[in-house]
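sequence isn't available, so here's the structure alone:
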DNA sequence: GCGGTATTTAGCGAATGTGTTAATTAACAT
DNA sequence: ATGTTAATTAACACATTCGCTAAATACCGC
């Protein structure tokens, strides 16, 4: 996956309004007004959040009469999740080793003098 | 998980330099200069990337002589991954249903009404 | 066409993010 | 004490982001 797509995906996810929109879209397509209702911001402001999501490729928008129904587009989200999963695995292993190392420092019968601070 | 922590985590991940730092830290602790070496930006600029990661709780920094070794702090990353996983599951299911629906439209062996959302 | 609903674009200001260079702090070595 | 290395803070510029209100566009129903 190219860096720019991850940039856009994570950047889009870095806002609670946009995450809430994605969460809501898990239940199916919604119009702009339906999506906007829970939020205390103006419709133009909300519309731009949708634009961010769309330009990041996280949602797609159709046309149904005067409505523009929004739908989840899962591929970039899948890719971002994959990126995190891959490193999460490494991080977890890394931290497990660190834990083990720290445990080893504490448990042995080492009554050696220690540095103070 | 609180929204603000997810904000900070995704926001920190939205930059390729910072993602590369996290990737590198999967191999273990690194000093600032070690981490900065691959990048074409000034050290102050890089230092601020580390600050973003630290303030998001994604890395911790220690002190070893005049070095400040950086280490991964996996908990916020784990939480962000969990958030994505949770919704990824729903999104995938959602899209599976959509696929099935579209397939059914094309090969109408069934006379059922569409289930809506 | 005209009014009503749905949604976006335009224009503006404030806040934030990212980069730079210069200066500073902290620790080490002699 | 002085110089060197490691890293951060200060001060500044520029671009982007996010909110707002007002206006525009697109479609529907009469």
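Perfect, I can see it now. What you see is a predicted model; the values in this text were computed from it and never measured.

please, where are all the strands along chain A?
A:59-61, A:70-72 (DSSP state E).

okay if I get these as a markdown table plus mean pLDDT, mean neighbour count and distance to chain B?
The way it works is simple: take the backbone N, C-alpha and C, and place the C-beta from them, glycine included. As requested, those are arranged in a markdown table below (pLDDT from 0 to 100; neighbours: other C-beta atoms under 10 Å in any protein chain shown; distance: least, C-beta to the nearest C-beta, whole Å):
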| stretch | mean pLDDT | mean neighbour count | distance to chain B |
| --- | --- | --- | --- |
| strand A:59-61 | 95 | 18 | 11 |
| strand A:70-72 | 94 | 22 | 5 |
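
is stretch A:68-76 up against DNA strand C anywhere?
Yes. Stretch A:68-76 is in contact with DNA strand C by C-beta under 7 Å from any atom of the strand, via A:68, A:69.

distance to DNA strand D added to the strands of chain A, as CSV?
As requested, the strands of chain A are exported to CSV (distance: least, C-beta to the nearest atom of the strand, whole Å):
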stretch, distance to DNA strand D
strand A:59-61, 13
strand A:70-72, 16
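
now do the longest helix belonging to chain A and helix B:74-106, the angle between them.
Longest helix in chain A, counting residues (DSSP state H): helix A:74-106. Relative orientation of helix A:74-106 and helix B:74-106, computed by axes from the mean of the first three to the mean of the last three C-alpha atoms, to 10 degrees: 150 degrees.

pull out the buried residues from helix A:74-106.
Neighbour-count burial for helix A:74-106 flags A:74, A:76-81, A:83-84, A:87-88, A:90-91, A:94-95 (criterion: 16 or more other C-beta atoms under 10 Å in any protein chain shown).

in chain A, where is pLDDT below threshold?
For chain A, applying pLDDT under 70 flags the ranges A:1, A:98, A:102, A:105, A:107-117.

before we move on, back to that, which other helices and strands does the longest helix of chain A contact?
Judged by 3 or more C-beta pairs under 8 Å, 6 or more residues apart in numbering or on different chains; DSSP states H and E, helix A:74-106 is in contact with helix A:3-13, helix B:16-25, strand B:70-72, helix B:74-106.
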